[in-house]
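# Just the structure for this:
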Amino acid sequence: MGLQVGIVGLPNVGKSTLFNAITNSKVEAANYPFATIEPNVGVVEVPDKRLDKLAQIFGSKKTIYTTIEFVDIAGLIAGASKGEGLGNAFLANIRETDAICEVVRCFDDKDITHVDGSVDPIRDVETIELELILADEASILKRLQKVEPKFKSSKDKTIIAEYNLLKKCQEQLSDGKLLNKLEFDEDEKLLIKSFQLLTTKKFIYVANVSESEIASDNEYVTKLKNHAAENGCEVVKICARIEEELSELDAEEKEVFLSDAGIEEPGLEVLIRAAYKTLGLKTYFTAGPQEARGWQFKEGFTAPQCAGIIHTDFEKGFIKADVYKCEDIFEAGSEQALKASGKMRLEGKAYIVQDGDVCFFKFNN
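Below is the predicted model:
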């Protein structure tokens with residue numbers, strides 16, 4: 001279940017610097033618009049101390065972490081929905097992502113040009129989201145032009161459902177509102193996925209601040225947090241330059257650097273947690289002598305659904321699962337001691353897997 005997050009924002013807000021930091025890669029980060037022409041993709045391991053402990057207990061030869069794929073996309077400008085700047089290329093790339101991470105500048109610096117001439121994170125967010133709304137309106141209109149003639153002469157339930165959903169979306173967008181604020185029933189959710197609309201996605205705001213302002217919120221960050229709270233979005237405060245410096249250090253040097261900067265943990269870890277929370281993702285584990293591994297799953301998944309993430313045959317032939325909480329084996333010290341304590345459970349098809357569960361699936365071939 002590969003998680004993909006698109007990093008978007010206006011030119012010169014620190015997107016590519018942030019991407020360099022979180023993926024420890026080197027793409028061009030220049031002080032002029034469109035320094036990023038093609039989307040840069042980086043796969044990031046999700047650090048998880050629980051998995052490290054499991055690998056130690058089992059003496060696992062390999063440790064495999066869950067991952068997030070970050071996609072850095074060229075700076076967006078007003079008019080992108082109509083092809084301005086890199087326009088449609090930008091919009092096509094973020095249609096593939098699970099969530100959109102909006103990087104907005106929350107610091108003053110006379111040496112770094114802002115495309116609109118001044119720093120205003122709310123205006124930047126509104127510019128980005130208006131372009132996404134306009135792009136979705138164009139997609140809806142194009143689709144309606146094909147569906148409406150059929151709707152007028154057809155009694156096909158599929159065509160009627162598609163037409164009604166398109167009109168529902170069109171009305172929301174014409175009011176200048178994002179589609180992720182609409183309620184959809186289960187049938188509508190399945191259908192709307194095929195539309196590949198941008199504003200149905202979840203948004204995360206990243207406030208890029210200066211080194212001197214990372215320890216406390218400035219007025220720009222406060223405004224962004226208030227705006228996000230009104231719209232049910234997560235805000236992550238990051239100094240892209242600090243994150244880039246951290247990416248060059250070893251574990252011991254990072255601890256010293258973070259302490260000196262007054263930061264409790266790297267911004268990447270905060271961003272990953274925000275992405276997991278926004279998308280309702282959790283992690284379960286499998287562990288043994290060969291490997292200890294983390295697996296992403298959607299909150300509410302049953303044991304067979306989680307087994308299917310490993311292999312579809314595991315879901316089809318699911319019988320039972322041995323399950324225990326990772327905290328219980330940390331306390332017991334070994335799987336043998338855990339079994340003796342009676343804290344390993346045998347769960348069936350109806351079991352809802354929890355974050356931090358360690359699972360051993362039993363299935364028929």
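# Please list all residues in contact with L197.
Shown in contact with L197 (C-beta atoms under 8 Å, 6 or more residues apart in numbering): D136, S139, I140, C169, L179. Every residue, glycine included, has its C-beta placed from N, CA and C.
# any idea how far the second one lies from N164?
Read it as S139. Distance, S139 to N164, using C-beta to C-beta, to the nearest Å: 17 Å.
# Name the residues that touch the host helix or strand of D52?
Element membership of D52 [criterion: DSSP states H and E] is helix 49-58. With C-beta under 8 Å, 6+ apart as the contact definition, helix 49-58 has outside contacts at 60, 63, 65, 285, 287-289, 292-294, 326, 329-330, 333-335, 356, 358.
# longest helix in this structure, by residue count?
Across the chain, the longest stretch assigned as helix under DSSP state H is helix 121-153.
# what packs against the next helix or strand along the chain from it?
The helix or strand immediately downstream of helix 121-153 is helix 157-174, counting by DSSP H and E. Under the contact criterion of 3 or more C-beta pairs under 8 Å, 6 or more residues apart in numbering; DSSP states H and E, helix 157-174 touches helix 121-153, helix 186-193.
# Turn the ones you listed into a markdown table, including mean neighbour count, distance to Y205 and mean pLDDT.
Below are the helices and strands packed on helix 157-174 laid out as a markdown table (neighbours: other C-beta atoms under 10 Å; distance: least, C-beta to C-beta, whole Å; pLDDT from 0 to 100):
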| stretch | mean neighbour count | distance to Y205 | mean pLDDT |
| --- | --- | --- | --- |
| helix 121-153 | 17 | 7 | 91 |
| helix 186-193 | 13 | 23 | 92 |
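# closest to E213 out of those?
With C-beta to C-beta as the measure, helix 121-153 is the member of the helices and strands packed on helix 157-174 nearest E213 (13.1 Å).
# circling back: tell me which entries of the contacts of helix 49-58 lie within helices.
When DSSP H is applied, the contacts of helix 49-58 are split such that C326, I329, F330, E335 fall in helices.
# For the chain, just list every one of the strands.
Counting by DSSP state E, the chain has these strands, from start to end: 3-8, 40-45, 62-64, 67-72, 99-105, 202-208, 234-238, 281-287, 291-298, 318-325, 345-347, 357-363.
# roughly how far apart are G176 and F301?
As judged by C-beta to C-beta, G176 and F301 stand 35 Å apart.
# Nearest residue to the middle of the chain?
A275 (3.9 Å; C-alpha atoms, centre = their mean).
# Mean pLDDT lowest where, among the strands of the chain?
Per-stretch mean pLDDT for those is lowest at strand 40-45 (a mean of 81).
# Parallel or antiparallel, which strands does it pair with?
strand 67-72 (antiparallel) (DSSP bridges).
# in the strand it pairs with, what's buried?
The neighbour-count check on strand 67-72 (16 or more other C-beta atoms under 10 Å) flags I68, E69, F70, V71, D72 as buried.
# Equivalent analysis for stretch 296-304, please.
Within stretch 296-304, the residues that qualify as buried are Q296, F297, F301, T302, A303, P304, counting by 16+ other C-beta under 10 Å.
# burial of the closest residue to E269 other than its chain neighbours, as a residue count?
The shortest distance from E269 to any non-neighbouring residue, by C-beta to C-beta, 6 or more residues apart in numbering, is to P47 (6.3 Å). P47 has 14 neighbouring residues, counting by other C-beta atoms under 10 Å.
# Tell me the most packed of the ones in helices among the contacts of helix 49-58, by neighbour count.
If you count neighbours using other C-beta under 10 Å, the busiest of those is I329, which has 25 neighbours.
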